[in-house]
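**Student:** let's see this in three dimensions:
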Amino acid sequence: MLVLCAKAAFAVILIIAGGAKLADLAGFAEVLRLFIGTRWPAPAYTCIATGTAFAEVLLGCASLSFPAAKWVNLLALIAGCAFVIVSVTGLALHRGRSCNCFGALSRIKFDVQGVFRSVIFAVFAVLAMIGVGPSAVRLGVTTQALLLAAGAMLISVSFAAAKALAALPEDIRRVRSR
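**Tutor:** I've put the predicted structure just below:
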């Protein structure tokens, strides 16, 4: 049960993070620019930001709806490890800057707490790699469709919430983040 809970939790985290990033692609593209540098034209960063956000959403939905797919677990593990690498690198090179991990839904910055959070996410992904019996993850087509629909709702809710928070005046957002 712990394995399935960790798998579902990580899937939901991916869906929410991807949906929130889609609401502020320009902000996430700026974070990418910190890591890649300014050698590329601005549209390239937006394209990478869009691809990354969609990849998170797709991976989260696939993980939620197809829990027995081992290749999905492997991709989730790679994503979890990438989160740790980005957090550690961000802490080392861009301490205190916004990571835009969850778009406007949070004010998470590259700091020690962010590294700790990403390690927890990676642990969830490691737990998801542990095999469970086929009967524990056997889902019918209807259940898979309902889980995909739930994923779509999470995407739209996180997108809408991130857009609404981003639209707030800066002074109100500062009060919210205290």
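**Student:** for residue 146, see how far away residue 55 is.
**Tutor:** 23 Å (CB to CB, to the nearest Å). All C-beta spots, glycine's among them, are computed from the backbone N, C-alpha and C.
**Student:** same check, this time on residue 92
**Tutor:** Taking CB to CB, one finds residue 92 at 43 Å from residue 146.
**Student:** what's the answer for residue 164, then?
**Tutor:** Plainly put, residue 164 is 27 Å away from residue 146 if you go by CB to CB.
**Student:** could you check which of residue 92 and residue 146 is surrounded by more residues?
**Tutor:** residue 146 (13 against 10; other CB atoms under 10 Å).
**Student:** SS state for that one?
**Tutor:** Secondary structure state of residue 146, per DSSP: H, G, I helix; E, B strand; the rest coil, is helix.
**Student:** any idea how far it lies from residue 61?
**Tutor:** 12 Å.
**Student:** same check on residue 155?
**Tutor:** 8 Å.
**Student:** need the overlap of contacts for these two.
**Tutor:** residue 15 (CB atoms under 8 Å, 6 or more residues apart in numbering).
**Student:** all helices for this protein, in order.
**Tutor:** Using DSSP state H, the helices of the chain run over residues 2-23, 25-36, 42-65, 70-94, 112-129, 134-137, 141-167, 170-176.
**Student:** hey, which of those helices is tucked in deepest?
**Tutor:** Here the criterion is mean neighbour count by mean count of other CB atoms under 10 Å, and of these the winner is helix 2-23, at a mean of 22.
**Student:** so for that helix, mean pLDDT?
**Tutor:** Helix 2-23 carries an average pLDDT of 91.
**Student:** and that helix with helix 42-65, angle?
**Tutor:** With axes from the mean of the first three to the mean of the last three CA atoms, to 10 degrees applied, the angle from helix 2-23 to helix 42-65 works out at 150 degrees.
**Student:** alpha carbons of helix 2-23, in PDB - could you do that?
**Tutor:** Output in PDB follows, covering the C-alpha atoms of helix 2-23 (Å, rounded to 0.1, in the frame of the first residue of the first chain):
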ATOM      1  CA  LEU A   2       2.900   2.400   0.800                       C
ATOM      2  CA  VAL A   3       4.300   1.900  -2.700                       C
ATOM      3  CA  LEU A   4       0.900   2.700  -4.400                       C
ATOM      4  CA  CYS A   5       0.400   5.800  -2.100                       C
ATOM      5  CA  ALA A   6       3.900   7.100  -3.000                       C
ATOM      6  CA  LYS A   7       3.300   6.400  -6.700                       C
ATOM      7  CA  ALA A   8      -0.100   8.300  -6.600                       C
ATOM      8  CA  ALA A   9       1.400  11.200  -4.600                       C
ATOM      9  CA  PHE A  10       4.300  11.600  -7.000                       C
ATOM     10  CA  ALA A  11       1.900  11.400 -10.000                       C
ATOM     11  CA  VAL A  12      -0.300  14.100  -8.500                       C
ATOM     12  CA  ILE A  13       2.700  16.300  -7.700                       C
ATOM     13  CA  LEU A  14       3.800  16.000 -11.400                       C
ATOM     14  CA  ILE A  15       0.400  16.900 -12.700                       C
ATOM     15  CA  ILE A  16       0.000  19.900 -10.400                       C
ATOM     16  CA  ALA A  17       3.500  21.200 -11.100                       C
ATOM     17  CA  GLY A  18       3.100  20.800 -14.800                       C
ATOM     18  CA  GLY A  19      -0.300  22.500 -14.900                       C
ATOM     19  CA  ALA A  20       0.900  25.400 -12.800                       C
ATOM     20  CA  LYS A  21       4.000  25.800 -15.100                       C
ATOM     21  CA  LEU A  22       1.700  25.900 -18.100                       C
ATOM     22  CA  ALA A  23       0.000  28.900 -16.500                       C
END
